[in-house]
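Peer 1: how does the following fold in three dimensions:
(2 chains)
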2 protein chains.
Amino acid sequence: MSPPPARGPLPPGSVVGILGGGQLGRMLSLAAARLGIRCHVYRADEERPASQVAETTTAAAYEDTAALDAFAAAVDVVTYEFENVPGETAAYLNERVPVRPSPAALHICQNRLREKRFLADAGVVTARFAVVDSLDMLKDAIATIGPPAVLKTRRGGYDGKGQASIRQAEDAEAAWAAIAGRPAILESFVAFDCEISVIVARGLDSETVAYDPARNIHENHILAHSIVPAGIPDEIALEATRLAEHIVTRLDYVGVMGVEMFVTAAGDTHLSVNELAPRVHNSGHWTLDACAVSQFEQHIRAICGWPLAAPARHHDAVMDNLLGDAAARWPELSAAADTALHLYGKREMRAGRKMGHVTRLYPLSHGGETIQPTK
Amino acid sequence: MSPPPARGPLPPGSVVGILGGGQLGRMLSLAAARLGIRCHVYRADEERPASQVAETTTAAAYEDTAALDAFAAAVDVVTYEFENVPGETAAYLNERVPVRPSPAALHICQNRLREKRFLADAGVVTARFAVVDSLDMLKDAIATIGPPAVLKTRRGGYDGKGQASIRQAEDAEAAWAAIAGRPAILESFVAFDCEISVIVARGLDSETVAYDPARNIHENHILAHSIVPAGIPDEIALEATRLAEHIVTRLDYVGVMGVEMFVTAAGDTHLSVNELAPRVHNSGHWTLDACAVSQFEQHIRAICGWPLAAPARHHDAVMDNLLGDAAARWPELSAAADTALHLYGKREMRAGRKMGHVTRLYPLSHGGETIQPTK
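Peer 2: The predicted structure is shown next:
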């Protein structure tokens, strides 16, 4: 059974089903509420942030077909807040109710090898890579691609998990052990000037809009700061948003995607795509406070078949993630001027855990000097 | 038993209890969620908007002491989204958990006579008024105050309900019948240039902040549009915000209040206070989209003992209420540029019912010409 054909936008009062109960699902629920759209969260673990603000929650395994049937019957469209939802779950639901972004897009984006091949087919520049399914293949790949390189599991990695650096050929064994011998790819290390991301949206009517690129600064492989404007030349910013729009169009994608890119100084091309996140993205949280319509509302608009909103920015912004006990700074942060504090309702302040974020707003610089993150 | 003394701000994860389940409670819940504050709605009727986004709901009568006991035990502070909460309910809860704004402030603001007397004591100009408890008293009052005048019930009126106009002495009987002979006051009609309101907040530490005054346009006694800036001289705008700050200070108030005022051309005084709303207010909805921190977050900050945020405005704004089937215009409104659409999750589109609002944003005019509402 195929999903019924789309017939105009889902009206207010419709129910969006969200797979996953973390902070991205929470911010999606809050954005949906503004539009009179109700949310039903389906979560397989104890993550509570989304359930605190959604009208309904189902807590069940992603393989529980009875729970999935009931969920599909209770919602008008399904989306997801993370790309590690089992592909089978998305496909099962899509036979009953539209899943957006599509299971086909999820299938590609949740596997680094498929993603790299899709990007190559689409004519998008990425790091050179090789398939690695054994230690011997890894050694061959290092011989071809050469160090420095990064070994990455094909599935399930995020925030630096499932990755190992290779600085010299002798690192092969240790790297292979570090990722527990899982199916992987080896990527050549990209010598980049900076890392940026573009939050792009594509509507059910194929319209695309992209927010201004953000410059991202990672610490311990976890996003620490996003800065807008990114401090890159206008023509590269334009190239980045066009590239992101090209990618979602080629994927026949519906919803918001985060496209991570490296800006490189060398060669004819300026941009190398690092990773696609088929969902709202941490590097787009600044849109909550610096734009009339955030990435979260944009995603809800897209998957519900509503018109997309203009992505114009009314402030420059610096977003700082609050990891672990950095969230204990809330009294000071709540008193800071021109600072929007967002906390995710997580009870336990574990090291490295994303507890919230703050966005500091500045008058528009119109592409002038670069703003520095707070130390 | 008195409530425990305030000892610093309530931390994230604390629970705010909200009396009332309408759209104001909904927008308070959404604002609280941003700060990691959880909400527990207590509602006595079928109003669902707040429950859709709050973590917990109690549906029980305001006189149900067992339900109130359980509610008080489950929350860290109580607030309310409308002033017609029974005073006894607020007082009962305040013996168990802090109620903010205080039951004393509620007691004054939920009765027009007490409110007028409080304002007179505070040296605030209002319309002349007289107490009316019988038809004879009404006739005497008309003789003293003279038509035109407005007869208003002392309690429970809103959006023009519980009011009757008196254009000539002969209208007395009809007006008395129109308000069903309830305890009332007669107010002289104020010949005003325009009506404005100030959304003012006072923190637990006695700090006050006020948003810029909005000019309000009513249709059929219901707020239709709020426009910021109000198009009044700067010195009157300043006088209005000072007056609002004076009122909340005199009341030892904690939270957000909407202060409605008439701007009059005649006489030495420019401002006459019409009404106090001890809560977030419809004429402050524009702050959601035109300010870094909205009236809703400001209220949550105040009642939780957090620092208040600067009320600076980054856009001029026109807020249009969506009453009844005006909400059916959502497809067109969602496609309009620079327009933020808010829908309240109400199922039934009844005539005159507040279904949502839109805020149109404009670049800051710095006090220039006045913006007109859409027709």
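Peer 1: may I ask you to confirm that A:Val15 is in contact with A:Thr79?
Peer 2: No: A:Val15 is beyond contact range of A:Thr79, at 11.5 Å (criterion: CB atoms under 8 Å). All C-beta atoms are positioned from the backbone trio N, CA, C, and that covers glycine.
Peer 1: buried residues in the host helix or strand of A:Tyr92?
Peer 2: Assigned by DSSP states H and E, A:Tyr92 belongs to helix A:87-94. Neighbour counts over helix A:87-94 (16 or more other CB atoms under 10 Å in any protein chain shown) mark A:87, A:89-90, A:92-94 as buried.
Peer 1: cool, and stretch A:231-239?
Peer 2: Buried, per 16+ other CB under 10 Å, within stretch A:231-239: A:231-232, A:236-237, A:239.
Peer 1: so which of these sit within helices?
Peer 2: Those of those mapping onto helices are A:236-237, A:239, per DSSP state H.
Peer 1: between those residues, which is nearest chain B?
Peer 2: Chain B lies nearest to A:Ala237 out of those, by CB to the nearest CB, at 21.8 Å.
Peer 1: okay, the residue lying closest to A:Gln110 once chain neighbours are set aside: pLDDT?
Peer 2: Among residues not flanking A:Gln110 along the chain, A:Glu83 sits closest, at 4.5 Å (CB to CB, 6 or more residues apart in numbering or on different chains). On pLDDT, A:Glu83 comes in at 92.
Peer 1: number of residues surrounding A:Glu83?
Peer 2: 23 (other CB atoms under 10 Å in any protein chain shown).
Peer 1: right, and it touches A:Pro278 too?
Peer 2: Yes: counting by CB under 8 Å, A:Pro278 is a contact partner of A:Glu83 at 5.3 Å.
Peer 1: against chain B, how distant is the nearest residue to A:Met349 once chain neighbours are set aside?
Peer 2: Once flanking residues are discounted, A:Met349 sits nearest to A:Asp325: 5.4 Å by CB to CB, 6+ apart. Look at A:Asp325 and chain B: by CB to the nearest CB, to the nearest Å, they are 13 Å apart.
Peer 1: go on, A:Asp252?
Peer 2: 23 Å.
Peer 1: tell me where chain A has helices.
Peer 2: A:23-34, A:65-74, A:87-94, A:103-109, A:112-121, A:135-145, A:172-178, A:234-250, A:287-290, A:295-303, A:330-335.
Peer 1: just send the ones you listed back as a markdown table, with distance to chain B and mean pLDDT too.
Peer 2: Shown next, in a markdown table, are the helices of chain A (distance: least, CB to the nearest CB, whole Å; pLDDT from 0 to 100):
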| stretch | distance to chain B | mean pLDDT |
| --- | --- | --- |
| helix A:23-34 | 5 | 98 |
| helix A:65-74 | 14 | 98 |
| helix A:87-94 | 23 | 97 |
| helix A:103-109 | 24 | 97 |
| helix A:112-121 | 32 | 97 |
| helix A:135-145 | 44 | 95 |
| helix A:172-178 | 35 | 94 |
| helix A:234-250 | 19 | 96 |
| helix A:287-290 | 7 | 96 |
| helix A:295-303 | 7 | 98 |
| helix A:330-335 | 4 | 96 |
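Peer 1: looking at these, which is closest to A:Gly352?
Peer 2: Taking CB to CB as the criterion, helix A:23-34 is the member of the helices of chain A that comes nearest to A:Gly352, at 14.1 Å.
Peer 1: give me the number of residues near the nearest residue to A:Ser165 once chain neighbours are set aside?
Peer 2: Of all residues not flanking A:Ser165 in the chain, A:Val150 sits nearest, at 5.8 Å (CB to CB, 6+ apart). Neighbour count for A:Val150, taken as other CB under 10 Å: 19.
Peer 1: who does the residue in the stretch 201-350 of chain A that chain B sits nearest to bridge with?
Peer 2: Distances between the stretch 201-350 of chain A and chain B by CB to the nearest CB are smallest at A:Leu343, namely 2.9 Å. Note on A:Leu343: beta-bridge partners by DSSP bridges are A:Gly356, B:Leu35.
Peer 1: test my guess that it contacts A:Ala327.
Peer 2: Yes: between A:Leu343 and A:Ala327 there is a contact under CB under 8 Å: 6.5 Å.
Peer 1: now the end-to-end length of stretch A:67-87.
Peer 2: Using CA to CA, to the nearest Å, one end of stretch A:67-87 lies 16 Å from the other.
Peer 1: equivalent analysis for stretch A:341-358, please.
Peer 2: End-to-end distance (CA to CA), stretch A:341-358: 5 Å.
Peer 1: tell me how far that stretch lies from the chain's centre.
Peer 2: Mean-position distance between stretch A:341-358 and its chain equals 18 Å (CA atoms, centre = their mean, to the nearest Å).
Peer 1: before we move on, back to that, show me what the helix holding A:Tyr92 is packed up against.
Peer 2: Counting contacts by 3 or more CB pairs under 8 Å, 6 or more residues apart in numbering or on different chains; DSSP states H and E, helix A:87-94 is packed against strand A:15-19, helix A:65-74, strand A:77-80, helix A:103-109.
Peer 1: tell me which residues are up against it.
Peer 2: A:3, A:17, A:19, A:62-63, A:65, A:68, A:71-72, A:78, A:80, A:99, A:102-103, A:106-107, A:110 (CB atoms under 8 Å, 6 or more residues apart in numbering or on different chains).
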